[in-house]
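Visitor: here's a sequence, model it:
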Amino acid sequence: MLPSPPAPRSRLARIVPAGMLALALAACGGGGDADEASPDDVDQSTPVAVTDEELAKFKAPADSVLTPAQVEAYLKTSLLQFDLVRKESEGLHASFQEMEKRQEKGGALGGLRNMMAAGQTMYRMTDLIGGSYIRSARTLGQNPAEMEWVRERMGEVAMYLAMKPMYEAAGQGAQQVRAQAEEMRRMLASGQNPGFTEADVQEMLQSAEQMEAEARAESRAARSVAANVEVLRRGRPAVTDAMWGTVGMAGSATGLIALSGLGDPQDAEAQRKLDEFRQVFQDALANRVSPGMENAPAQPQS
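Guide: Now for the predicted structure:
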């Protein structure tokens, strides 16, 4: 599915300076299901980033290949994160509404207070979205350093699945160019005068070789990613590549930016996107196909 068009400018964007909002978004990061832990179980006083101790306890495997247990932990951590983001964003509504009232009244004092409130609100939003994944992992007994590593691998999977058709098309194109060059050479050898020379044939063959070399290089570079795709498919065979593309993208910073409007009660797009993300993650955890994604291409849903 192609990326959705930008949503109409939210009320928050009209109140908060664009630069401040951009800085906040840039800082965003992205065990059982939601019944095993709820947003109320998450300790919001814990660090927003992975600690040195947590980093020291996790050593990434040399082959960069995921385990089924890590995939399951990632899905569960993300589900709790989505619930936490929704719950905490509800507390931002009052702040935004108060800021909007001041803006309607006008005045220098109200504008100054809005600037101060905007800074505090953006800090809260950054802390919420940026730290929600880390804190959700801790709540579920997972090492946030490991879960961050898993999230990066899942992002690679999403990109690989989106680009794989292009790599395959490039390889097929090289074969077609080579076949055409060989046919041209046959025509020259038969004494025909088709308007091209052996030099033209050689140039086409070199082009085909370059295309094939690039395709092989991409294949080697993506070897561990392809291995992770197979881990996903074996562990949850009912889940489609389109779903895995969305799962990998939605947990990343890019995916979480789509949720930045959750604090605005009138931003229906952010609420809809969160519902879609959560449904795909829940379906993937349950090893079932999300509605409408049975035969969808592996372009990540954004």
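Visitor: quick one, what contacts residue 233?
Guide: When contacts are counted by CB atoms under 8 Å, 6 or more residues apart in numbering, residue 233 touches residue 239. All C-beta atoms are positioned from the backbone trio N, CA, C, and that covers glycine.
Visitor: mind pulling the model confidence for residue 115?
Guide: Note on residue 115: pLDDT of 50.
Visitor: can you check residue 246 too?
Guide: For residue 246, the model assigns a pLDDT of 92.
Visitor: figure out the helix or strand that it lives in.
Guide: helix 241-250 (DSSP states H and E).
Visitor: pLDDT weak spots in the stretch 201-302 of the chain?
Guide: Counting by pLDDT under 70, the ranges of the stretch 201-302 of the chain that qualify are 216, 218-221, 253-266, 295-302.
Visitor: isn't residue 246 right next to residue 280, touching?
Guide: Yes - using CB atoms under 8 Å, residue 246 is in contact with residue 280, at 4.9 Å.
Visitor: show me which of the two is the more surrounded one.
Guide: residue 246 (29 against 26; other CB atoms under 10 Å).
Visitor: what's the closest non-adjacent residue to residue 49?
Guide: Of all residues not flanking residue 49 in the chain, residue 134 sits nearest, at 6.6 Å (CB to CB, 6 or more residues apart in numbering).
Visitor: quick check: longest helix of this protein.
Guide: Across the chain, the longest stretch assigned as helix under DSSP state H is helix 144-189.
Visitor: so which elements touch that helix?
Guide: Contacts defined by 3 or more CB pairs under 8 Å, 6 or more residues apart in numbering; DSSP states H and E place helix 144-189 against helix 52-57, helix 68-90, helix 108-139, helix 198-221, helix 223-235, helix 241-250.
Visitor: tell me the angle it makes with helix 68-90.
Guide: Counting by axes from the mean of the first three to the mean of the last three CA atoms, to 10 degrees, helix 144-189 lies at 110 degrees to helix 68-90.
Visitor: which residue, other than its chain neighbours, is closest to residue 60?
Guide: In space, and not counting its chain neighbours, residue 60 is closest to residue 149: 5.3 Å by CB to CB, 6+ apart.
Visitor: please apply the same query to residue 63.
Guide: residue 224 (6.0 Å).
Visitor: show the contacting residues for that neighbour.
Guide: Neighbour list for residue 224: 63-65 [criterion: CB under 8 Å, 6+ apart].
Visitor: and the residue nearest to residue 49, what does it touch?
Guide: 29, 46-50, 144, 147-148.
Visitor: who wins on neighbours among those?
Guide: residue 147 (27 neighbours).
Visitor: was I right about that one contacting residue 75?
Guide: No - taking contacts as CB under 8 Å, residue 147 lies outside contact range of residue 75: 10.8 Å.
Visitor: what do those two both touch?
Guide: Common neighbours of residue 147 and residue 75 (CB under 8 Å, 6+ apart) do not exist.
Visitor: dump stretch 48-61 to CSV, restricted to CA.
Guide: Taking Å, rounded to 0.1, in the frame of the first residue of the first chain, the C-alpha atoms of stretch 48-61 are listed here in CSV:
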residue,chain,number,x,y,z
VAL,A,48,13.6,7.4,28.6
ALA,A,49,16.7,5.9,27.0
VAL,A,50,18.5,2.6,27.2
THR,A,51,20.9,2.6,30.2
ASP,A,52,24.6,1.6,30.1
GLU,A,53,23.8,-1.3,32.3
GLU,A,54,21.2,-2.6,29.9
LEU,A,55,23.5,-2.1,27.0
ALA,A,56,26.2,-4.1,28.7
LYS,A,57,23.8,-7.0,29.3
PHE,A,58,23.0,-7.5,25.6
LYS,A,59,25.4,-8.7,23.0
ALA,A,60,24.0,-8.8,19.4
PRO,A,61,24.6,-12.0,17.5
